[in-house]
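>>> need a structure here:
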Amino acid sequence: MITIPWLVLEETNSPAFAGLVAAVSALPGLLISPFGGWLVDHLGRRAVSIGADLLSALSVIAFPIVAITSGLSSISILVIAVIGGIFDPAGYTARKTLLADVAKASGRELDQLNGFHDGFMGLSWIAGPAVGAGLISTVGAVNSFWVAAALFVIAALAIAFLRVGNLGRDARELAIEMGEESDRSMRIGFQVLWNDKLLRTLTLAILVLAAVYLPTETVILPTYFEDLGNPAGLGLVISAISAGAALGSFGYGWIISRVSRKTLVRMVLIGNAISIIPMALLPQIPLLMAAGFLLGLSWGPFNPLISSLIQQRVPADQHGRVFGIQTAVFYAAPPIGMVASGLAVESFGVGNTYLVLAAILSITAIVALLTKSLRSTF
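Next comes the predicted model:
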């Protein structure tokens, strides 16, 4: 996230091209995720996770190898970044499906493991950029990719030594024994998310919320603090949001043992709507940090909650394809929101754009709360 844009600027001195690389390298996630989910259900969860990480390791090693042999150019950087973006979604999807296997093998609550998973993901988003910046300043942008490759290999080894079963394979074998035909097509992921009214409502809600929430960190707040000439303020607010999100994710297992899923969905949606409004008013930094922390805290339980619902409402042999479609949705929403927000900021200013985004998020939360699927018991 840090090193590739930095490398682009070092080699090309073009911010526009850095933005192009970031946008284009995100496209594989949108296009490949459904196929990656299909592979998870067909080849196995551990196999896809290990394979994706090893291929990702090769893709990042390509940066220093090309730099040493023929030299990096704008085109070679773009090509390598796009190739690398092909493998990550499949690995992420595979690890999401593995959580159910780990829960069964370890005797831990699945809700708790989902919260841990997303909590550590949140911590990595805080620590990762700092590590990347430190590597750039010490060993340089190109050499830092060797460290990234080593981390991918460690991740692959961790899953290789994981001793768990495969609930997806077990479900398919059981269906065969009972004379039932298991649908192994890729379209089942779309069908399951659309036909399950609760999952459809939550997926559409999170599509809008992600399209509004993520541009806050990447467009709105950076522009606002750049105008103020206060990068430290931006860091404090983003850290408050990230800390709240990590805490909310880690606390999901504890929360869900005390309130119903329906109540938690309401808490998440209402919390997002309430916290985004004071943020949109762009108050002083302490108040902005407090509202940002509440926003992250409200958002944090949402991803582990949806993961738990999919794991419990969808047959195990279809988990990969459903998570693959969900991953594609998450890849699609932020770029749309970022482009629209960027254009709006240039035309109408930061304050007006932020107020509109806050209104969209609040209306989405209210509409979702009023849907029949969220009023029923689940």
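>>> how close does residue 105 sit to residue 155?
19 Å (CB to CB, to the nearest Å). In short, each C-beta sits where N, CA and C put it, glycine included.
>>> Mind listing what's buried along the host helix or strand of residue 128?
Assigned by DSSP states H and E, residue 128 belongs to helix 110-138. For helix 110-138, the neighbour count (16 or more other CB atoms under 10 Å) marks 110-119, 121-123, 131-132, 135-136 as buried.
>>> now do stretch 268-278
Buried-residue list, stretch 268-278, by 16+ other CB under 10 Å: 268, 269, 271, 272, 273, 275, 276, 278.
>>> Of those, just say which sits nearest to residue 319.
residue 268 (22.5 Å; CB to CB).
>>> Quick check: closest non-adjacent residue to that closest one.
Nearest residue to residue 268, sequence neighbours excluded (CB to CB, 6 or more residues apart in numbering): residue 302, at 5.1 Å.
>>> tell me what the helix or strand encompassing residue 266 is packed against?
Using DSSP H and E, residue 266 falls within helix 261-280. On a contact count with 3 or more CB pairs under 8 Å, 6 or more residues apart in numbering; DSSP states H and E, helix 261-280 meets helix 197-215, helix 285-299, helix 302-313, helix 350-370, helix 372-375.
>>> which parts of the third one are buried?
Within helix 302-313, the residues that qualify as buried by neighbour count (16+ other CB under 10 Å) are 302, 303, 304, 305, 306, 307, 308, 309, 310, 311.
>>> now swap in the last one and tell me
Of the residues in helix 372-375, residue 374 count as buried by neighbour count, 16+ other CB under 10 Å.
>>> what about the stretch 101-250 of the chain, any weak spots by pLDDT?
179-183 (pLDDT under 70).
>>> on that earlier part again, kindly present the helices and strands packed on helix 261-280 as JSON lines, with separate columns for distance to residue 145.
Supplementary listing: the helices and strands packed on helix 261-280 in JSON lines, determined by distance: least, CB to CB, whole Å:
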{"stretch": "helix 197-215", "distance to residue 145": "25"}
{"stretch": "helix 285-299", "distance to residue 145": "30"}
{"stretch": "helix 302-313", "distance to residue 145": "28"}
{"stretch": "helix 350-370", "distance to residue 145": "35"}
{"stretch": "helix 372-375", "distance to residue 145": "45"}
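>>> So which of those helices is nearest residue 340?
When the helices and strands packed on helix 261-280 are compared (using CB to CB), the closest one is helix 197-215, at 7.8 Å.
>>> between the closest one and helix 261-280, how big is the angle?
Going by axes from the mean of the first three to the mean of the last three CA atoms, to 10 degrees, helix 197-215 is angled at 20 degrees with respect to helix 261-280.
>>> Give the next helix or strand downstream of helix 197-215.
Following helix 197-215 in sequence order, the next helix or strand is helix 221-228 (DSSP H and E).
>>> So residue 10 sits against residue 141, correct?
Yes - counting by CB atoms under 8 Å, residue 141 is a contact partner of residue 10 at 5.8 Å.
>>> These two: which has the busier surroundings?
residue 141 (24 against 14; other CB atoms under 10 Å).
>>> Specify the local secondary structure of that one.
coil (DSSP: H, G, I helix; E, B strand; the rest coil).
>>> Can you list phi and psi of it for me?
phi -60, psi -50 (degrees, to the nearest 10).
>>> got the angle for the strand or helix carrying residue 328 vs helix 350-370?
Following DSSP H and E, the helix or strand that holds residue 328 is helix 319-348. Here the directions of helix 319-348 and helix 350-370 differ by 140 degrees (the same axes, to 10 degrees).
>>> packing partners for helix 319-348?
helix 15-43, helix 74-106, helix 167-177, helix 188-195, helix 197-215, helix 302-313, helix 350-370.
>>> Excluding chain neighbours, give the residue nearest to the residue nearest the centre of the chain in space.
The geometric centre of the chain, computed from its C-alpha atoms, lies nearest to residue 330 (CA atoms, centre = their mean), at 6.4 Å. Distances taken as CB to CB, 6+ apart put residue 210 closest to residue 330, at 6.1 Å, once the chain neighbours are dropped.
>>> Residue 265 now?
The nearest residue in space to residue 265 (CB to CB, 6+ apart) is residue 374, at 6.1 Å.
>>> distance of the one you found from residue 209?
For residue 374, the distance to residue 209 - CB to CB - is 14 Å.
>>> Mind listing what's buried along stretch 285-303?
285, 288-303.
>>> What lies in contact with stretch 328-335?
Residues external to stretch 328-335 that are found in contact with it (CB atoms under 8 Å, 6 or more residues apart in numbering): 23, 26, 29-31, 33-34, 89, 203, 206-208, 210-211, 214-215, 218.
>>> Now the buried members of those residues.
Here, 16+ other CB under 10 Å leaves 26, 29-30, 33-34, 89, 203, 206-208, 210-211, 214-215, 218 buried among the contacts of stretch 328-335.
>>> Closest to residue 238 out of those residues?
Set against residue 238, the nearest of those by CB to CB is residue 218 (9.7 Å).
>>> what sits against the nearest residue to that closest one once chain neighbours are set aside?
Using CB to CB, 6+ apart and skipping residues adjacent in sequence, the residue nearest residue 218 is residue 338, 5.7 Å away. Shown in contact with residue 338 (CB under 8 Å, 6+ apart): 214, 215, 218, 219.
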